[in-house]
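*Asks:* Build me a model from this:
(chains A and B)
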Amino acid sequence: MRTRVADATGVDDPSTGPVRFEGVGVVSDGNVLLLEASGSVRAGEVLGLTGANGSGKTTLLRVLGGLLEPTAGSVEIVGRRPDDRDPVFRTALAALIGAPQTARDLTVLEHLQFIAATWGTGAAAARSRGEELLAELRIDALGARFPHELSSGQSQLVALALTLARPFRVLLLDEPEQRLDPERLDLVIGAIRARAENGTAVVLASHSPRLLGELAGSRLHLEEQR
Amino acid sequence: MTGSTGGPRGTSGPRTAGGPRGAGSPRGAVARRRREARGGPQRRGDSRIALAAVREVWAQRSGTRSRGDLLYVVYLVVLTLLLIGVPVVRAAGQALARPDVLPLLLLDRAPQASTAIPLAAAAALVLLGAVRGPALLSPFFTASLASSGIPRRAVLWRPFARALLAPVLALTVPAVLVAITLVAVSASDVGDLLLFMLAAGGGGMLLGVAWLSGQLLGTAARRLLALGLAAASGAIMLLPVGVGQGGAYPTGDEHAAASAGGLLVAGALAVGISVPLLDRLRGVVLREQALRWEAATVVASTMDLGGTVGAFRLPPSTGRRLCAIGSGPLVLLYARRDAIAWLRNPERLVGGVLGALLAAAAIGGSSMITGPLSWFLLAAGTLGLWSASGTMVDGIRHGIQTLGAPQLFGQTAARQVLLHATAPLLLLAVLGAVGGAVGALVSGGSGDASGLVDAVLLPPALAPVLIAGRARDAAKGQMPLAFSTPMPTPQGDISVLLMLGWQADALVLALLAGGLLLTLGTAGAAWLLGACAVLTALLTMMTRGRLRALRA
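*Replies:* Residues are numbered from 1 along each chain as shown, chains lettered A, B, ... in the order given. Next comes the predicted model:
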C-alpha cells in the first residue's frame, strides 16, 4: 500500500476564497444551535468568530469541518461540500476542535512524525518537520514525553502542533488560547499568523481580545441562542 | 469542641514530648514522624479507637447491612455450597471419568503439570499486582483510612483476606474436580482427594501472596520475580517427580501428606508474614489502583466491557528511545509503530505472548483429543487467544477512535484499522502456530502427522478471525437504549438477557468460530483455511458496517 495524497487544489471561487458558507443553521430536536451564519474567507485571511458561550461558534466550526450536517444553508471548502469521505476535502482542511485523539504509546515527537508520514512525508523529513514545530511553539523539551505526561497548557500546545503537522489549506481553530499563559499565547499567535501569511485560510473562534486583535482581519459575531 | 481533644492522640503534643533537642527543627520533625511511623503501644491503641469510631460512623448510614444480614448471607453461601456446589462438582467429576479424559489425568507428567500451572499463574498474578493488587480499598477509604495515621495493615488486611479467596478457590475447585474424577474410577481414594485439596488451598494462599508481591514491589523486582516464577514453571516439568502441589497429586504418592502439609503451612506462613508487609504499600500505588478499579467497575456497571478493560491499560512504562516511526510503505509504517508500542508496555506484551502461546497450545491440544475435554480446551483456548489478542490491538482501537474528530492522519479510520491489523495478525498467527505445535506434542499426538498439521494450523487460522472480531468489537459504539428498556414477562424482566447478549456477542462469535474451525478442520486443511477466509470476510464486512454507522 503506498501513500497517495489527494490533490487538494480544489476549485475555489476566486471571488470568495477557499471557505464559503451561506445561511448556515443547525437545529437539533427543536433546539437552535446556530442561526443563519454567512461568510467567506480568502486564502491568507483570518476570520474571527466571536460571541457569547452557546452562540454557536463551535457548531459553525464543526459544520465547516464536516463533523456536523447543517440543517439549513450551504457550505463549501475549496469548492467542495464538507464530507470526510472526500479525499480532496480531507487533504485541504485541518481543524483543532476539542482535544485530538492521541495514542497513549507514542511520544509527542513520534505523533508529529507519524502524522506527517501518513500524509506521505518521508521518515527523516517528518522528524525534522516535527522538531521544527516543537521549536516553533517552544515545546522542544516535550518531544520525548508521552501524552499522559503533559500538563493541561502543554497539552493545548501539543494539540496545536499535531494539527499543524499535517498539510492543509484551510485551518479551523476552536479557542486556541485555552489554558495558555500570555507568553505562550504570543507563540500561538505567531504560528497562526505564519500559516495565514503562507496562504492558509484560517477560521478561529476565540474569547481572547488580544488574539482576535492580532490576527482577525475580519470578524463574524454570532448572537447567543435562547 | 475545642482543640484540646486532639492532644492525647499523639500529634499535637510532640514538641514537648520530643525533648529539648530541636523538637521544632526539621530534624526534630523527621524524628517525630519516624517515631509516629514506628507506632508504639499508645499508637496502636489510638488506631484501634480510630477504627472503632470509623466503623461506628459507617454503620450508622441508612441501609447498612446489620450483623443479622451478614449472618444470613453466610448461611446462604454455606447452604448453596453444600446443597448445590458439592453435588455439581461431584457430578462433573463423575461425568469426566471417560476414556478420552482419564489418560490425560493419568499422564506421567500430570503431577508436574499440576505444579507448573499454578506457578505460571503466580507469574501472571505478580504482573497483575501492578495493575490491581489484592489489598485495595475504594478511593474514598484509600483517601480517608489508608492515608490516615492508622497503620495500613489495620485497614488493608480485610480486603486482602477477601481477595485471597479468589486464588484459593481457583486452585481448589479444579483440584477437587480432578481428584473426584480419579476417585470415580478407583484410581485414587478420598484421603488422596483431601490431601490434594489441602495442597491446592495452600498453593492458593501462596498465589495470593505472589499477587500482593506484585503490588508491593517496584517495576524491576516485579519483572524479575515474574520471570523467575515463569522459569520455575517450565523447569518443574523437567523434574522426575511432582513437587509442591504435584507431590500431593491424587495418584497415591507416598509423600502426598508431607507435600500437602508443607504447602498448607507455607501458605499460611506466607499470608501471616504478608500482613505486616501491608504497611509497606505505597500510597500512590493504592490511590492509582483504587481510582482505576473504581473507574473500571463504574464502566462495567454500564455494561461497557470494552471500556472496563480499557481502564486497566497502563500507560507506557519503558522504551521511550525506541524509534517507532520508520521509512517504507504505509503497511510497514503502521506495523512498526504498533510493534514499538507493544514493547513500551513489556509486562502487557509478555502477558499477551504467554497467554497466546498457552491458549494456542490448548486449541492445538483440543484437535488431538475427543470428547468434552476437547471442547473445554477449545473454548478455554479460544477465550485465551481472544484475551491475548486484546493486548495487541491498541492501534486498531486508536484508528476507530479517530472517527468523528477532525482528521489528523492521511488515511480514513477504516484504512487505519486495516493497516493497524497487520502487526497483530502476524504476531498472533506465529504464536498460534508455535503454541499449537507445542499443544499437539504435549497431548501425545506426535504419532499422527495429519493430526499434527491440523493442530498447528488451527490456532493461526483462528488469528485473522479474532483480529477482525477485535476490530468489529472496537467499532461497537454505545448499547442501544432500547436494550435497557424493561421487558416484563411472567418469568421476570428479560431485558437483561438482551444486554448480556449485546455485551458478549464478540466472545460468542469467537467461540462459535473456534468450534466451526475445529469441526471443519477434521475435513482437511483446505476446509479449515476456506472457513477462516469466509469468517474473516464476514467479520470485516460487519466492522465496515459498524464504522459506517458510527460515522453517521
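*Asks:* which residues of chain A fall in strands?
*Replies:* With DSSP state E as the definition, chain A shows strands at residue ranges A:19-28, A:31-41, A:46-50, A:72-77, A:93-96, A:170-174, A:201-205, A:218-221.
*Asks:* Just the CA coordinates for the fifth one, please, in PDB.
*Replies:* Read that as strand A:93-96. Output of strand A:93-96 as PDB, limited to C-alpha atoms (Å, rounded to 0.1, in the frame of the first residue of the first chain):
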ATOM      1  CA  LEU A  93      -8.700  21.000   5.900                       C
ATOM      2  CA  ALA A  94      -7.100  20.800   9.300                       C
ATOM      3  CA  ALA A  95      -9.000  21.500  12.500                       C
ATOM      4  CA  LEU A  96      -8.500  21.800  16.200                       C
END
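*Asks:* For it, name the packing helices and strands.
*Replies:* Judged by 3 or more Cβ pairs under 8 Å, 6 or more residues apart in numbering or on different chains; DSSP states H and E, the packing partners of strand A:93-96 are helix A:57-64, helix A:152-164, strand A:170-174. For every residue, glycine as well, the C-beta is placed using N, CA and C.
*Asks:* got CSV for the strands of chain A, with mean neighbour count and mean pLDDT too?
*Replies:* Formatted as CSV, the strands of chain A follow (neighbours: other Cβ atoms under 10 Å in any protein chain shown; pLDDT from 0 to 100):
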stretch, mean neighbour count, mean pLDDT
strand A:19-28, 19, 93
strand A:31-41, 18, 91
strand A:46-50, 22, 96
strand A:72-77, 19, 95
strand A:93-96, 25, 94
strand A:170-174, 24, 97
strand A:201-205, 26, 96
strand A:218-221, 14, 94
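*Asks:* With distance to B:Leu330 added, can I get these in a markdown table?
*Replies:* Formatted as a markdown table, the strands of chain A follow (distance: least, Cβ to Cβ, whole Å):
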| stretch | distance to B:Leu330 |
| --- | --- |
| strand A:19-28 | 30 |
| strand A:31-41 | 32 |
| strand A:46-50 | 34 |
| strand A:72-77 | 25 |
| strand A:93-96 | 20 |
| strand A:170-174 | 25 |
| strand A:201-205 | 29 |
| strand A:218-221 | 39 |
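*Asks:* nearest to B:Leu481, of these?
*Replies:* strand A:19-28 (17.3 Å; Cβ to Cβ).
*Asks:* next one: the closest one to chain centre, how far?
*Replies:* 18 Å (Cα atoms, centre = their mean, to the nearest Å).
*Asks:* So which bits of chain B are right by chain A?
*Replies:* Chain B has residues B:313, B:315-316, B:320-321, B:324-331, B:333, B:337, B:340-341, B:344-345, B:394-395, B:398, B:401-402, B:404-412, B:419, B:551 near chain A, with proximity defined as Cβ under 8 Å from any Cβ of the partner chain.
*Asks:* So which of those sit within helices?
*Replies:* B:330-331, B:333, B:337, B:340-341, B:394-395, B:398, B:401, B:419, B:551 (DSSP state H).
*Asks:* where in the chain is pLDDT low?
*Replies:* Let's take chain A. A:1-16, A:225-226 (pLDDT under 70).
*Asks:* switch to chain B, that's the one I care about
*Replies:* Those would be B:1-47, B:49-51, B:53-64, B:147, B:298-312, B:444-449, B:491, if you go by pLDDT under 70 across chain B.
*Asks:* what's the domain layout of it?
*Replies:* B:98-312, B:319-477+B:485-552 (automatic domain parsing).
*Asks:* and A:Val202, which of the ones you listed is closest to it?
*Replies:* Using Cβ to Cβ, the nearest of those to A:Val202 is domain B:319-477+B:485-552, at 14.1 Å.
*Asks:* in chain B, which helix has the most residues?
*Replies:* helix B:152-184.
*Asks:* now the angle from the helix or strand following that helix to helix B:152-184?
*Replies:* Scanning forward in sequence from helix B:152-184 by DSSP states H and E, the next helix or strand is helix B:190-216. Between helix B:190-216 and helix B:152-184, the angle comes out at 150 degrees (axes from the mean of the first three to the mean of the last three Cα atoms, to 10 degrees).
*Asks:* Angles on the backbone of A:Arg179, please.
*Replies:* Main-chain dihedrals, A:Arg179, degrees, to the nearest 10: phi 60, psi 20.
*Asks:* so how many other residues sit close to it?
*Replies:* Burial of A:Arg179 is recorded as 13 neighbouring residues (other Cβ atoms under 10 Å in any protein chain shown).
*Asks:* now the one 10 residues further on
*Replies:* Neighbour count for A:Ile189, taken as other Cβ under 10 Å: 18.
*Asks:* Correct me if wrong: it contacts A:Leu215.
*Replies:* Yes: at 6.1 Å, A:Ile189 counts as touching A:Leu215 under the criterion of Cβ atoms under 8 Å.
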